[in-house]
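**Student:** Please find the sequence and the predicted model below.
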Amino acid sequence: MHYILETERLRLRTWRIDDIDHLKQFLQDMEVMYAYEHAFSDEEVQRWLQWNMKSYQENGYGLWAIERCNTGEVIGECGLTNQTVEGKSYLEIGYHLVKKHWHKGYGIEAAKACKHYAFEKLNKEEVVSIVRDTNISSMNLAIRNGMVNKTRFMKHYHELDMPHYLFSVKKR
């Protein structure tokens, strides 16, 4: 198997068609997806997988499956996606973890690896994380990843207006 990134405890790889059940573990968990205001349906999970696979082809990156090195267990996803905020394009570090793996340092370990990848492999000057204003854990993860709040904006999703923060860090 080809891994995109490897850290002390984690390996990140592209999602595959047969990973749909792994995605459902967190995308269909309302506690994990509370910032989206709903857990994903089977159809939304399928679209999410297809969106990532299209990103791999078009951009060479996307959200990647996170596996624990010692067990091979898929515990979530982390990676890079193109996002537009208030008319400006950004490279975002995004992440979701299976709930039982929260608060174990996996999220920050994967996010730091993705930041390094964006700066060193893709030669990007800036990366961001877009975080809903109620998602304190993700805000803290962005801050631990060296990011600072750049702006607050409204995102319209699922028929709701949701305040979000754009956290940013520039290459040194």
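**Tutor:** On my side now, so go ahead.

**Student:** Tell me if residue 38 really is in a strand.
**Tutor:** No - according to DSSP: H, G, I helix; E, B strand; the rest coil, the state of residue 38 is coil, so it is not within a strand.

**Student:** Begin at 9 from now on, thanks
**Tutor:** Sounds good: first residue 9 from here, last item residue 46.

**Student:** distance of it from residue 72?
**Tutor:** If you measure residue 46 against residue 72 using C-beta to C-beta, to the nearest Å, the figure is 24 Å. Where you see a C-beta, it was placed from the backbone N, CA and C, and this is true even at glycine.

**Student:** ok, now residue 147?
**Tutor:** For residue 147, the distance to residue 72 (C-beta to C-beta) stands at 22 Å.

**Student:** Those two: who's more crowded?
**Tutor:** With neighbours defined as other C-beta atoms under 10 Å, residue 147 and residue 72 compare such that residue 72 has more, 25 against 18.

**Student:** which residues sit against the helix or strand containing that one?
**Tutor:** In this structure, residue 72 is located in strand 71-76 according to DSSP states H and E. Strand 71-76 is contacted from outside by 12-13, 17-23, 27, 30, 60, 63, 81-89, 102-105, 114, 118, using C-beta atoms under 8 Å, 6 or more residues apart in numbering.
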